[in-house]
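Engineer: next come a sequence and a model predicted from it.
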Amino acid sequence: MESETDEMRESLIECLRPRLKELIVVDRVLDLIDFIENEQKEQIRQKARNDGDISAADSLINAVVQKPHTPGWFTAFVDALNNGGCKFAADYIQLNLPTPEVEAENENCVRFIHLLIPSPADMATDEVCAHCFSKRLLTEDERDRITAEIVTRGSRSGARELLRRIIKCPPGWYSTFLQILKDTEHDVLYNELTGNEDKKPSLKDKPKATTGESPASAESCDGTESREITVNEQTMDQATDLYAGNELPSNSEPSQPDGSALEVARSPEKEIILRDYQMEVAGPALEGKNIIVCLPTGSGKTRVAVYITKEHLDRRKAEGKPRKVIVLVNKVPLVEQHYSAEFLPFLKNKYKVERVSGDSQLKISFTEIVKKNDIIICTVQILENYLERANGGEDEGVNLSDLTLIIIDECHHTQKGGVYNHIMMRYLKQKHKNKRLIEEQKEPVPLPQILGLTASPGVGGATKMEKAEEHILRICANLDASRIMTRSHEEFKKEQRKIIVSVEDRREDPFGDVIKKIMTAIHNHAELTPTCDLGSQNYEQWVVQKERQAAKDENQKVRVCAEHLRQYSESLNLNNTIRMQDAFSFLNKYYEEEMKKKTAPEEEHKIQITDTERFLFNLFKDNKKELETLAKNPEYENDSLSKLRTKILHEFSSRDEARGIVFIKTRRSAIALNQWIQENPKFADIGVKSAYVIGGGDQSVVKPMTSAEQKDVLKKFGNGQVNLLIATTVAEEGLDIPACNFVIRYGLVTNEIAMIQAQGRGRAEDSSYTLVEVKNSGVAEKECVNEYRKNMMNKAIQKIKLLNQAAYEKRITEFQIQAIMEEKVRMTKKKQKDIKNESPSNVKFSCRSCSEPICTGDDIQIIENMHRVNVTPQFRKLYIQRENTTLQERLLDYETNGFIACKNCGQRWGSMMMYKGIECPCLDVKNFVVNLNGKKISKCTKWNEVPIKFSAFDYAEHASNMTMSDNSDDVETM
């Protein structure tokens, strides 16, 4: 009979679980339940600290209903609720339920108070707390906790704690609380809660957002009830001028090609709307603690950061303390995105917001911008540069002590040698110096609060749980995070539909067979024996190694053959990924460019063509016609492209308004795929409007996209002018791409972080995530590995959250000390490396292609500590100059007019730079073989790898010499 009763009581508790989770205050009740083991109690306490009361109450209920039961467990639970001040919860499980009308009215009162919890008006919390205790809205223990909160964190934080406690009282608490406010003369708060007619809020009066929730806010909700926090709205007649003085330009001064920021500045200020889970993860940061907010893409991390920023500035303003917030991002487009879509719309009336990036054209220094604004959004390298200036004793610098809150976007990059980590290393060093200063009873240097934002910290390539935990803890240590905040598992939104599309090998691939036949002929000519499949990633690495070794050995036959084999390998990849005609076009263009190199601008000069080069040119020429013919035959199209076409057509034909992204590996293939879609009438018939977006770095032979071009494409994708985006990994991380309802990864899989980021681009309801295999890519296997790592990462985060705070802080401190010591070793090595002891005369440079000696280090000078130039008359005789339209970029005091190439073999050496009216041949070290004290170095890709300190370019002296030379020429003419 007892067993049946227990089962009934368990069922009752399960039925009432949603309500009990809201009503139980864990820290009141837990110690009063003696049938729960101490170890389990500690886990529940840790849950409360990490995930909040609702999650902890859920764990408490699990422990209560856990079998086998001890005799009298139910009565003990009811007694604990009554004695712990949770009488309303005790009434519920004893079925002493309020009437539906009373319950509905109470729920409405709770919702109304919820609006005040995040940002309570000024309250004499200690006085209100005393009255609440006397009216039995608070227990003695609760009163003591709130008093301690007031002492340690201030009146506002204590007010929040008080409000959280009283809403869990039985019905009737609301009118009692109103009377307390009236008795304690809190007239503003009383009127805010009662309204002009002095009545309680009813269900029909439930507040609503009236200022237009932005798409970013909408996508942050996945069914969780929203909590609304209102920021006072004001109309700004001249919103473009956010500054009081005339020393700064107006907000229209920085580059705003699309006018979006101007539009935002002129619109009314928006409300900040947070969900319950967002308020929960923000909690410790609102108390001034350093944390990492880890939420899935599309869950509103940035909105949380905006709210924390507002609270931080409000609190410090009320306390009369300095306030300065800097938001760091790792991509230029993110600066404008965070500025226009997040921080400016919500904070512009109360605070000065500015953004700075490489694209900005502000006419004052970054130091002045920091001084004159409350919130600065910038690329991370800008802050690092100015921190370094301050470290070097320059006036135009910025110190960490100037800042009070640093927000680090995509904070999983705070590791190894990243720029984020350089900044945080300064922070950690000062933190540990401060400990010593405090011990010596000296004033410590103030440090800013740190807030990290990420969708996925990853596992750092770990294969075991222990290593995954270590990786995440190291990131926490680098960010000095007291906790990593995530949503509870049950609150995650529904998983995307995930599809893996397998492909079949071509029955016939005559185009690929011809390419492989050519490659085999080159292998035979150069006496090379590859050990891996042609066109594979391993093959490409093998070819690169052969080219470097051959350049070092001055074996021009192997070097040139290896260079051409790389191009054929790339064409095989294009053949497997896109169309045969794209692969052919790529090869054909390459050989046209190579032939141009062998043609001198002046007809009287002939550039050397070696026997090997002649063999390679003829080999392509002999097979060109066959390749061109095969490329036009659609019968041999690869199955991957066919499956991709089917998938895209299905998405656009099965959705009312499809909008998707196709992620692809290389810039060249992104451009080719976009061209294929635009040329295919089937796509146009169902309304596909495609565009591509690629990276802005200049490390590829493909012309990079400027940030303005990227922004333009993303804007069109956002407003629907483009509905299919072909993107490299540049669009995986951070960029806000709303309303996307399908994502396809086409033969591209990197790590678990990229997978989570790419999946997160599909933010719309019923979005899908598809992986299309491509030959030799192994993407299906890699995706399985990434899924495993993703699950391991989530488990590792949960294990870290369950650590008690003392154990967590001990490990964090150990990792921080280790990081500081490793940084000292690294800096010592760097200083030794930076000591350029070698004499410039000891280094010699020869052409990478023909091995002809070019110059010594004595001939090279450096402009602005960046550009290595050779302006000697002897060097001028060794090169030819060619026009390069892709380099027609205006830069500071110089511009590039074209490139320079070896007069002997046509190998490109660098660019011709116009510096203050003087032509300066600027050298790129990767085009040379470097000989240092008789030892050849073939893989220098950057000048800082050459241990030589070159002399500075003397502009005045060189200009004077040129003038004297011109005068002597004039005399000779006379």
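Structural biologist: Cool, got the structure.

Engineer: doesn't Ile500 fall inside a strand?
Structural biologist: Yes: using DSSP: H, G, I helix; E, B strand; the rest coil, the assignment for Ile500 is a strand.

Engineer: Gln40 touches Ala63, doesn't it?
Structural biologist: Yes: between Gln40 and Ala63 a contact is recorded at 5.5 Å, counting by C-beta atoms under 8 Å. Every residue, glycine included, has its C-beta placed from N, CA and C.

Engineer: quick one: low-confidence ranges for the stretch 51-200 of the chain?
Structural biologist: Along the stretch 51-200 of the chain, the parts satisfying pLDDT under 70 run over 100, 112, 114-122, 195-200.

Engineer: actually the stretch 701-850 of the chain, sorry about that
Structural biologist: Checking the stretch 701-850 of the chain against pLDDT under 70 turns up 701-702, 731-739, 748-766, 774-784, 830-837.

Engineer: strands along that one, start to end?
Structural biologist: Remark: strands assigned in the stretch 701-850 of the chain by DSSP state E, counting those that start in this stretch are 724-727, 742-746, 768-772, 843-847.

Engineer: can you tell me which of the ones you listed comes nearest to Arg436?
Structural biologist: Nearest of the strands of the stretch 701-850 of the chain to Arg436, taken as C-beta to C-beta: strand 843-847 at 44.2 Å.

Engineer: how far off centre is the closest one?
Structural biologist: On the basis of C-alpha atoms, centre = their mean, to the nearest Å, strand 843-847 sits 41 Å off its chain's mean C-alpha point.

Engineer: now the element after it, going C-ward?
Structural biologist: Next along the chain after strand 843-847, taking DSSP states H and E as the criterion, comes strand 853-856.

Engineer: adjacent strands (with direction) for the helix or strand following that next one?
Structural biologist: Using DSSP H and E, the next helix or strand after strand 853-856 towards the C-terminus is strand 861-863. According to DSSP bridges, strand 861-863 forms sheet pairs with strand 867-869 (antiparallel), strand 951-952 (parallel).

Engineer: of those strands, which stretch is the most buried?
Structural biologist: strand 867-869 (a mean of 21; mean count of other C-beta atoms under 10 Å).

Engineer: buried ones in the biggest helix by length in the chain?
Structural biologist: Longest helix in the chain, counting residues (DSSP state H): helix 805-834. Neighbour counts using 16 or more other C-beta atoms under 10 Å place Tyr808, Arg811, Ile812, Phe815, Gln816, Ala819, Glu823 of helix 805-834 among the buried residues.

Engineer: gap between Gln874 and Asp859?
Structural biologist: 8 Å (C-beta to C-beta, to the nearest Å).

Engineer: those two: who's more crowded?
Structural biologist: Asp859 (18 against 10; other C-beta atoms under 10 Å).

Engineer: tell me the spacing between that one and Met595.
Structural biologist: Distance from Asp859 to Met595, by C-beta to C-beta: 31 Å.

Engineer: wouldn't Asn573 be in contact with Asp533 here?
Structural biologist: No: assessed by C-beta under 8 Å, Asn573 is found out of contact with Asp533, at 11.8 Å.

Engineer: excluding covalently adjacent residues, which one is nearest to Met580?
Structural biologist: Ala631 (4.1 Å; C-beta to C-beta, 6 or more residues apart in numbering).

Engineer: tell me the pLDDT at the one you found?
Structural biologist: What the model reports as pLDDT for Ala631 is 89.

Engineer: show me what contacts Leu572?
Structural biologist: Contact partners of Leu572, counting by C-beta atoms under 8 Å, 6 or more residues apart in numbering, are Gly512, Ile515, Lys516, Leu534, Gly535, Ala583.

Engineer: got phi/psi on it?
Structural biologist: Phi and psi for Leu572, reported as degrees, to the nearest 10, are phi -60, psi -40.

Engineer: quick check: domain ranges of the chain?
Structural biologist: 1-94, 100-194, 276-486, 510-624, 639-794, 840-966 (the TED database).

Engineer: quick one, phi psi at the residue positioned nearest the centre of the chain?
Structural biologist: With distances taken as C-alpha atoms, centre = their mean, the residue of the chain nearest its centroid is Glu410 (3.3 Å). With angles defined as degrees, to the nearest 10, Glu410 sits at phi 50, psi 50.

Engineer: what pLDDT does it get?
Structural biologist: Glu410 carries a pLDDT value of 88.

Engineer: please identify the pairing partners of the helix or strand harbouring Val327 and their relative orientation?
Structural biologist: In this assignment (DSSP H and E), Val327 forms part of strand 325-329. With DSSP bridges as the test, strand 325-329 is paired with strand 375-379 (parallel), strand 405-408 (parallel).

Engineer: of all the ones you listed, which lies closest to Ile167?
Structural biologist: Here strand 405-408 is closest among those (C-beta to C-beta), at 29.5 Å.

Engineer: residues in contact with the closest one: which ones?
Structural biologist: Here strand 405-408 makes contact (C-beta under 8 Å, 6+ apart) with 305, 308-309, 312, 324-328, 380, 414, 420, 423-424, 448-453, 479.

Engineer: try 6 Å
Structural biologist: Defining contact as C-beta atoms under 6 Å, 6 or more residues apart in numbering, one finds that strand 405-408 is touched by Ala305, His312, Val325, Ile326, Val327, Leu328, Tyr420, Pro448, Gln449, Ile450, Leu451, Gly452.

Engineer: export that strand to PDB, keeping only CA atoms.
Structural biologist: Only the C-alpha atoms of strand 405-408 are listed here, as PDB (Å, rounded to 0.1, in the frame of the first residue of the first chain):
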ATOM      1  CA  LEU A 405      34.600  46.600 -19.600                       C
ATOM      2  CA  ILE A 406      36.000  44.700 -22.500                       C
ATOM      3  CA  ILE A 407      33.600  42.600 -24.600                       C
ATOM      4  CA  ILE A 408      35.400  40.000 -26.800                       C
END
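
Engineer: ok, back up a step: tell me which of the strands paired with strand 325-329 lies nearest to Asp656.
Structural biologist: Short answer: strand 375-379, nearest of the strands paired with strand 325-329 by C-beta to C-beta, at 35.9 Å.

Engineer: from the contact counts, what lies against the strand or helix carrying Ala89?
Structural biologist: Counting by DSSP H and E, the element that carries Ala89 is helix 87-93. If contacts are counted by 3 or more C-beta pairs under 6 Å, 6 or more residues apart in numbering; DSSP states H and E, helix 87-93 sits against helix 2-23, helix 73-83.

Engineer: any residues touching it, and which ones?
Structural biologist: Leu16, Arg19, Leu20, Leu23, Ile24, Val78, Leu81, Asn82, Pro170.

Engineer: got the contact list for the second one?
Structural biologist: For Arg19, the contacting residues are Tyr92, taking C-beta under 6 Å, 6+ apart as the criterion.

Engineer: kindly report the same for the fifth one.
Structural biologist: In this structure, Ile24 makes contact with Ala57, Cys86, Ala89, judged by C-beta under 6 Å, 6+ apart.

Engineer: dump the residues you listed to TSV, plus distance to Gly460.
Structural biologist: Below are the contacts of Ile24 laid out as TSV (distance: C-beta to C-beta, whole Å):
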residue	distance to Gly460
Ala57	34
Cys86	43
Ala89	43
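
Engineer: among the residues you listed, which one lies nearest to Arg160?
Structural biologist: Checking these one by one against Arg160 (C-beta to C-beta), the nearest turns out to be Ala57, at 18.4 Å.

Engineer: tell me the secondary structure for the closest one?
Structural biologist: For Ala57, the assignment made with three-state DSSP gives helix.

Engineer: export the strands paired with strand 861-863 to JSON lines and tack on distance to Gly158?
Structural biologist: Output for the strands paired with strand 861-863, formatted as JSON lines (distance: least, C-beta to C-beta, whole Å):
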{"stretch": "strand 867-869", "distance to Gly158": "60"}
{"stretch": "strand 951-952", "distance to Gly158": "61"}
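
Engineer: about what we covered before: any chance of the strands of the stretch 701-850 of the chain in CSV, plus mean neighbour count and distance to Glu439?
Structural biologist: As requested, the strands of the stretch 701-850 of the chain are exported to CSV (neighbours: other C-beta atoms under 10 Å; distance: least, C-beta to C-beta, whole Å):
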stretch, mean neighbour count, distance to Glu439
strand 724-727, 26, 53
strand 742-746, 26, 53
strand 768-772, 23, 54
strand 843-847, 21, 50
